[in-house]
Structure formats: structure tokens, C-alpha cells
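**Q** Fold the following for me, if possible:
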Amino acid sequence: MSKASFFDPATIALHSGYQPESDHGSRAVPIYQTSSYAFQDVAHGAALFNVERGGHIYSRMTNPTVQVLEQRMAALEGGVGCVCTASGMSSLMTTFATLCSAGDHIVSAAQIYGSTATLLKSTLKRFGIETTFVDINDSAAISRAVKKNTKLVFCESIGNPGLDIADIPSLAAICRKKHVPLVVDATFATPALHNPIAHGAHIVVHSLTKWIGGGGNALGGAIIDGGNFDWGLKPEKFPTLNEPYAPFHGISFFEEFGPAALSMRIRAESMRDFGAALSPQNAFLLLQGLESLALRMPKHVENAGEVAQWLLAHDAVAWVNHPSLPSHANHDLVASLFPKGAGSILSFGVKGGRDAGAAFMDALQLATNLANVGDSRTLVLHPASTTHSRLDAKAMKAGGISEDLIRVSVGIESFRDIKNDLANGLRAAQRTQKNADQKDGRKTQQKTEQTRKQTATAKPVKKKAATKKATARKTAGKTAAGK
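**A** Numbering: from 1, shown residues only. Below is the predicted model:
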């Protein structure tokens, strides 16, 4: 990772952005549960509103508790700034809306989260922003898809739920050549496993709700500005960062803030006007998760690897997908891009189709069936009927999603307990499959018996007809002999 701090990541997550406050010496980051902040005097208030000095005005734009989280995320990812938002989806929408206007274009990976695909395909289209979806590791297709009005290339470092690994260095090279920023959703990796900015990405987005929070108790998102994209090289291509901004007396964000132009534009416009603010209470909860991230992620990765290997050997499992497996299509990228492990999401197919898969899910007692990932507890989901159900068959196939796919977010429970729970579910799936096979067998037997009876009934008729013909021939013979 690029050094935004001289501390190691585990230390950054505990210390960056905060020193015990002066009034009471609180060692823990306080929750500043306030909507607004008193000005020292009229001049102070005016300077804050005119972006002449730093400080807090209103918690929709900035908040001291949220600010600590932002500084830690920026330091962990190696960025020049971070803006936290109310959710991962609001982080994506804010990023897209900051760079794009009506008539603009986005190039996106096809292998992405269902709600993100819907945002790009349907919602942004209402605002005149078009998206072209491509296989994210097809360099030629990506290069062809970039147009004059393309404002960004978007991908997930680990695709959800197909688990495609994006070759970020190759993507970054294309983006540099085309002079468009590379935006990476790094939720599945977290800063503990992978730093996209160090590999050439320009903007990193996280759903803090997942592994970073870890407890499944708070929503949050983060946008990290890498500070490594030259917005001024072709100013006409990025007007939101180069043209005079009327609400702030005509300032140009790139001229005023240089490498941090994007994060400052987000702060000044999107947080003020769109209002997707992260609450200080949620920021505090997410900080608790961030502080233990360096300890939790190795256990997540270890458990996921063991579960994948165990599933591979199970008779009730048709296939298993995890980037750590040699059979994974992008396995070669894992060693270079994810040396600490490629996350704790895996997917597999249960033999017996959808009914067997439903029996598997309903029999689980430890793992929870819900639409989230990254909890410390093991979670399961059937994406085709939930998170990706709004996609058509073509989009489902492009995203690597099949009807039998079950997504598992492997938690940090003991592997033995996770395995036993999954084994119980697979036994239920096998029973369902066996019952289905028996039912099919009975149907086949009944059909065979019905055919046999029909044949048996038909034979006497044919025999009688044959007898009549034989009698007729004999009669004819006798008649001829008499003559």
C-alpha cells in the first residue's frame, strides 16, 4: 500500500485520526451526537462556509466521529482523502453523480452486485447516463467500450457473487491510456487483504456495512480519493472538477484543491445537496469493527479455504467456486494481487437443483439465510431468487450466476461447527434429492406399467384379426378344392 501513514495497518485502524480529547481525555473516540456546531464569531462562520478554513458546520457534511473513520480509511487505502456516506450504495451513487452528468457514459464490469447493476442499468439511465457492461478481464472489450464521453471505468476487486478477480494493474493501464479514472468497489477484499490504489486504481469504494463493521449492526459507505488522477490534464472532460462552481463563488475544485479535488467536490456538493450522511452512532460502531479488522480477516480467510476444500469432497455438491482453488478462472491473479487471501465468500451448487438447495438452506441452524455478507457470523443466500432476481437471464449469465448457486459468507466461528452445520444442510438436500428420484422412479414405473397394460389389451385384438384372416384362407382353400 502507498504510505499515507508511517504506522502499520493494524496500528492505523486503532490510532489514526484521533488523540484523547482535551476536555475529558476520552481514550475511545466520542460519539458527537449533534446536528450542528457553534461558531466562534461571525468571521469564523463566514470562513467555514467559504471553505477558507477547516471545521464543522453541520453533520450532514462533516462530523468529528465520522471524520476519524474517514481519516483511518484514507490512511489504510493510501488515499489523500475519504468521504463516508450512509451506505455502500450511496457511496457508489455519490461517486457516479459527482463525475457524471446527463449525456455521459460509464464502462462497468458485468460481474457485479445486483443492486449496483440495477443502479447502472436502470436508475442512472433515467438521468441520461448510459452504461456499457463488459467482461472485466477482456482488455480489448474494455478498450473498445470507452467513448469520448466515458467518465469512468468501474469494477469490483472480487465480483459479487461470481468471485471474478479483476486484474486491476491491467485495467489501470487501459484507464491511463484512455485518461479515465478507475473506480474499484473493494468491499469483498477490505484494506486488510488488498489495496487497489497501490495497483493503479484512482477511486476506491467500500460498503463499510460488511467486513469492516463486522457485526452486522450498522450501515455505512466510504469513498477514498486516491489523489493520483490528473483531473486537469483534459479539463473539458471533467467539468465538475474544473469548471467554476457557482455555489462556492466560482471556484475550480482542481485549481483550489489539486489531487484532493474529487473528495472536496463530494464534500461540498454531494454531502450538502444529496444528504447521504453517515450517522455518528453508526460511525462509532463501524470504528469498533475497523479496530479488529486485522485480526478477523485472517480467520475469515482460513475458514473459507477449509470450507471450500471440504465442500469439494462432498458427494452432494456439484461444484465449488473460490479464488483460492486451482479450478478458479482467475486463480493466477490471486498470488500477485491477494497474497493474504482472496476473501471469505465462496459459492457452490447443490446436486438436485433448486428444491435440494432450498432444503439445504432451510435445514441450517448456525448459518443464517439473509441478504448480507461480511458478518462475523456465517451467512448464506440464494442470489438468483433474491439479490440478483431483478436481472434478466442474459445479465445473470454474464454475472456468473446460476439457478443452483448458493453464496456463503464464511464467518469466524470454529471450522468444525461451520462444517457440521453445512453437513446437516447437505443431508437434507440429499434426502430431498432421493425423494425426488424415488418419485421420478415411481412415475417411470407407473408409465411402464400403463404401457404394458395397453400392449396386453391390444394383443388379443390383433390375434383375433389374424385368426379371422387364417379362417378365411382355409375356407377359400376348401372352396377351391371342391371346385
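
**Q** buried residues in stretch 99-118?
**A** 99-100, 104-118 (16 or more other C-beta atoms under 10 Å). (Glycine included, C-beta is placed from N, CA and C.)

**Q** So Ser327 lies in a strand, does it not?
**A** No - using DSSP: H, G, I helix; E, B strand; the rest coil, the secondary structure at Ser327 is coil, not a strand.

**Q** Find the residue at the geometric middle of this protein.
**A** In the chain, the centroid-proximal residue (C-alpha atoms, centre = their mean) is Asn160; its distance is 3.8 Å.

**Q** So that residue, which state does it fall into?
**A** Following three-state DSSP, Asn160 is assigned to coil.

**Q** Strands of the stretch 201-350 of the chain, start to end?
**A** Applying DSSP state E, counting those that start in this stretch to the stretch 201-350 of the chain gives strands spanning 203-207, 221-225, 317-321, 345-350.

**Q** Which among those strands is found nearest to Ala283?
**A** Across those, Ala283 has its closest neighbour in strand 221-225 (10.4 Å, C-beta to C-beta).

**Q** Can you tell me the strand partners of the closest one and which way each runs?
**A** Its sheet considered, strand 221-225 pairs with strand 81-85 (antiparallel), strand 203-207 (antiparallel) by DSSP bridges.

**Q** Just put the strands of the stretch 201-350 of the chain in JSON lines and tack on mean pLDDT and distance to Val373.
**A** JSON lines is the format used below for those (pLDDT from 0 to 100; distance: least, C-beta to C-beta, whole Å):
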{"stretch": "strand 203-207", "mean pLDDT": "98", "distance to Val373": "9"}
{"stretch": "strand 221-225", "mean pLDDT": "98", "distance to Val373": "15"}
{"stretch": "strand 317-321", "mean pLDDT": "96", "distance to Val373": "15"}
{"stretch": "strand 345-350", "mean pLDDT": "95", "distance to Val373": "6"}
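
**Q** These into JSON lines, with extra columns for mean neighbour count and distance to Ile129?
**A** Converted to JSON lines, these look like this (neighbours: other C-beta atoms under 10 Å; distance: least, C-beta to C-beta, whole Å):
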{"stretch": "strand 203-207", "mean neighbour count": "28", "distance to Ile129": "17"}
{"stretch": "strand 221-225", "mean neighbour count": "29", "distance to Ile129": "18"}
{"stretch": "strand 317-321", "mean neighbour count": "18", "distance to Ile129": "32"}
{"stretch": "strand 345-350", "mean neighbour count": "24", "distance to Ile129": "29"}
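
**Q** would JSON lines of the ones you listed with distance to Leu333 be doable?
**A** Shown next, in JSON lines, are the strands of the stretch 201-350 of the chain (distance: least, C-beta to C-beta, whole Å):
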{"stretch": "strand 203-207", "distance to Leu333": "18"}
{"stretch": "strand 221-225", "distance to Leu333": "22"}
{"stretch": "strand 317-321", "distance to Leu333": "15"}
{"stretch": "strand 345-350", "distance to Leu333": "16"}
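
**Q** I'd like to know which of the ones you listed lies nearest to Glu70.
**A** Comparing the strands of the stretch 201-350 of the chain under C-beta to C-beta, the one sitting nearest is strand 221-225, at 7.3 Å.
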